[in-house]
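>>> Whatever this is, show me its structure:
(2 chains)
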There are 2 protein chains.
Amino acid sequence: MGRYELEYPKDATNLVKRHGERGIYALEKIHGLINGSQLLHVSLNPPGSPFPLTLPMIGQMGSFDRPSASLGDPLDLYIHGYVSARMFNVGRDAGAEGVPVCVAASHVDGLVLALSAFNHSYNYRSAVLFGHAVLVTDEAEKMYAMELITDSVVPQRWRNSRLPPTGAEMQSTSILRVKIASGSAKFRDGGVADDKHDLENEEALNSIWTGVVPIYATMGEPVPSGHNRIDLPKYASDFFDDFSRDNKELAINAANKKSE
Amino acid sequence: MGRYELEYPKDATNLVKRHGERGIYALEKIHGLINGSQLLHVSLNPPGSPFPLTLPMIGQMGSFDRPSASLGDPLDLYIHGYVSARMFNVGRDAGAEGVPVCVAASHVDGLVLALSAFNHSYNYRSAVLFGHAVLVTDEAEKMYAMELITDSVVPQRWRNSRLPPTGAEMQSTSILRVKIASGSAKFRDGGVADDKHDLENEEALNSIWTGVVPIYATMGEPVPSGHNRIDLPKYASDFFDDFSRDNKELAINAANKKSE
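Modelled structure (predicted):
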């Protein structure tokens, strides 16, 4: 059942070198990590600066040509920004190929506290994508991307907000489309991995606490605005509850997973 | 009575352009955001690649020459990594000035849900530093940095782990020191900012929930390792409790802050 799983080909750009066994190249896993991140770190090289520049931005994987495409299909990354932001100025100047960018998404799922400081670690999930970014100019594609990105903040929020967008809103908002060249993901879960010589060290074993502390993002009690008139709708409360429960379960499962 | 507050000079590299009123240049604020981040996103340009590369890493601000320096003083950034990692290979090849890097730290503190999708936002705190990274070769400085970084995971953990480091541990661990060239931070807190025309839109007001949903990282019940023999020590349990409480308070305060 099920077709084969698409992977980004390994090359010098995306290869996970340290702890290669933790490397993941499957599109579905990588795209899922990107879509599950409230913030992406988008890096590019601004013209004239000696340093790369990293901006926290909101984005989502999607396909304007085939909106029904699934997470494991080849997808573009749509990123939300403003016309005046540095990144988009760069995008405007760039040729047809676009601006080379690196997009990173990382989640810490727990602290791993070992006997030796050097065996301390995090449980984590991280993904990185490489590609070329261009400004979206087509109005229909822009609308598609804005719905996609708004619904990534709270599912169904787009259709439950004031529509349609005004002309000023459409004009003042910029969307970048990143054509993906490659990507990879890396994760760690499970318990403490101590060295044999430490596990035979009675003094260390008798004095040092070892284990995993799960860490997860929680959504708290919503604070209505001064002009809010209605009760929190179910599409929103369900999502806030799911978010907190899913993150907690994931971190606790990672902490309790038996290491191979 | 305090002295003046040091700031990174504004220039083309670090200037906060969009929402310039949210820009912060004070060393103390920027260094505090970096030190409060469990993960930093470190970006550099690997030789031969068309794309910048972003790696999630652990780091901490410090001063080897003056360990008593405070958060608002000029400090270096120490980053933990492995000899085999791409970044450090780059570091080894680099000249005395070091590898140009950008280091970003970002926290999401809440969802801001407005009437119009275009006025949706996050409450957030983010910082970015620019500098040149070199490998630390001095053994004493390496030890200083490893204690600094271990204690950023859990305060006092270094002295409560198995010491001293073995020769193999010292050799297999690499530390980068980033000499900071500039930096800035940006934040948003407070409630919903809706446009006047939306606040006069009865249909929108009667059908759309608006407000802020606080988001905060929580540390869950610690999971002891199979070889753990002792109760969780107070230095650790206190920190886990403080972490969860402080993050929650910060996000809730940001959500309830009255916007100007």
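>>> count of neighbours near A:G20?
Taking other C-beta atoms under 10 Å in any protein chain shown as the neighbour definition, A:G20 ends up with a count of 11. For every residue, glycine as well, the C-beta is placed using N, CA and C.
>>> so where do the strands sit in the stretch 1-150 of chain A?
Listed in chain order, the strands of the stretch 1-150 of chain A (DSSP state E, counting those that start in this stretch) span residues A:23-24, A:40-44, A:53-62, A:76-82, A:99-113, A:121-135.
>>> Can you pull out the low-pLDDT segments for the stretch 1-150 of chain A?
Judged against pLDDT under 70, the low-scoring parts of the stretch 1-150 of chain A cover residues A:1-3, A:82-96.
>>> now do 90
Applying pLDDT under 90 to the stretch 1-150 of chain A flags the ranges A:1-4, A:11-13, A:15-22, A:47-48, A:81-97.
>>> ok, which stretches of chain A are helices?
With helices called from DSSP state H, chain A shows them at A:27-35, A:86-93, A:139-153, A:167-172, A:196-199, A:202-207, A:234-256.
>>> need the ones you listed in TSV with distance to A:P56 and mean neighbour count, can you?
Compiled in TSV, these are given as follows (distance: least, C-beta to C-beta, whole Å; neighbours: other C-beta atoms under 10 Å in any protein chain shown):
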stretch	distance to A:P56	mean neighbour count
helix A:27-35	14	21
helix A:86-93	11	18
helix A:139-153	14	19
helix A:167-172	20	12
helix A:196-199	38	13
helix A:202-207	40	13
helix A:234-256	19	17
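>>> what's across from A:L129 in the sheet?
Partner residues in beta bridges with A:L129, using DSSP bridges, are A:V103, A:G183.
>>> which ones are touching it?
A:30, A:34, A:77, A:102-103, A:178, A:180, A:182-183 (C-beta atoms under 8 Å, 6 or more residues apart in numbering or on different chains).
>>> how about a cut-off of 7 Å?
Going by C-beta atoms under 7 Å, 6 or more residues apart in numbering or on different chains, A:L129 touches A:30, A:34, A:77, A:103, A:180, A:183.
>>> now A:D76
By C-beta under 7 Å, 6+ apart, the contact list for A:D76 reads A:62-63, A:177-180.
>>> Mind doing that once more with 10 Å?
A:60-65, A:69, A:131, A:133-134, A:136, A:141, A:145, A:176-180 (C-beta atoms under 10 Å, 6 or more residues apart in numbering or on different chains).
>>> And for A:Y124?
If a contact means C-beta under 10 Å, 6+ apart, then A:Y124 has A:22, A:106-110, A:112, A:186-189, A:215, A:254, B:38-39, B:56 as its contacts.
>>> Out of the residues you listed, which comes closest to B:E5?
Each of the contacts of A:Y124 was scored against B:E5 by C-beta to C-beta, and B:Q38 proved nearest at 26.2 Å.
>>> nearest residue to that closest one other than its sequence neighbours?
On the basis of C-beta to C-beta, 6 or more residues apart in numbering or on different chains, the spatially nearest residue to B:Q38 that is not a chain neighbour turns out to be A:V108, at 4.9 Å.
>>> bridging residues for that neighbour?
Following DSSP bridges, A:V108 is listed with bridge partners A:Y124.
>>> Same check on A:S43?
Beta bridges link A:S43 to A:T54, A:C102, judged by DSSP bridges.
>>> how far away is it from B:N14?
Taking C-beta to C-beta, to the nearest Å as the measure, A:S43 and B:N14 are separated by 15 Å.
>>> between those two, which one's more packed in?
The residue with more neighbours, out of A:S43 and B:N14, is A:S43; 27 against 21, by other C-beta under 10 Å.
>>> check contacts around the residue found closest to A:S182 once you drop the neighbours it is linked to in the chain.
The shortest distance from A:S182 to any residue other than its chain neighbours is 4.3 Å, reached at A:N14 (C-beta to C-beta, 6+ apart). Contacts for A:N14 were tallied using C-beta under 10 Å, 6+ apart; they are A:8, A:23, A:25, A:30, A:128-130, A:181-185, B:49, B:51, B:53.
>>> Tell me the one among the residues you listed nearest to A:V153.
When these are compared for distance to A:V153, the smallest value, 19.9 Å, is given by A:L129; criterion: C-beta to C-beta.
>>> picking up where we left off before, from B:A145, how far out is the residue nearest to B:Q38?
Separation of A:V108 from B:A145 (C-beta to C-beta): 21 Å.
>>> can you check A:Y4 too?
A:Y4 sits 45 Å away from B:A145, taking C-beta to C-beta as the criterion.
>>> Check A:E21 too.
Counting by C-beta to C-beta, the gap between A:E21 and B:A145 amounts to 28 Å.
>>> go on, A:G72?
41 Å.
>>> One more: A:A105?
Plainly put, A:A105 is 27 Å away from B:A145 if you go by C-beta to C-beta.
>>> now do A:R125
From A:R125 over to B:A145 the distance is 26 Å, taken as C-beta to C-beta.
>>> Switch the helices of chain A over to JSON lines; also include distance to A:N119.
Formatted as JSON lines, the entries for those read as follows, by distance: least, C-beta to C-beta, whole Å:
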{"stretch": "helix A:27-35", "distance to A:N119": "25"}
{"stretch": "helix A:86-93", "distance to A:N119": "39"}
{"stretch": "helix A:139-153", "distance to A:N119": "36"}
{"stretch": "helix A:167-172", "distance to A:N119": "51"}
{"stretch": "helix A:196-199", "distance to A:N119": "8"}
{"stretch": "helix A:202-207", "distance to A:N119": "11"}
{"stretch": "helix A:234-256", "distance to A:N119": "16"}
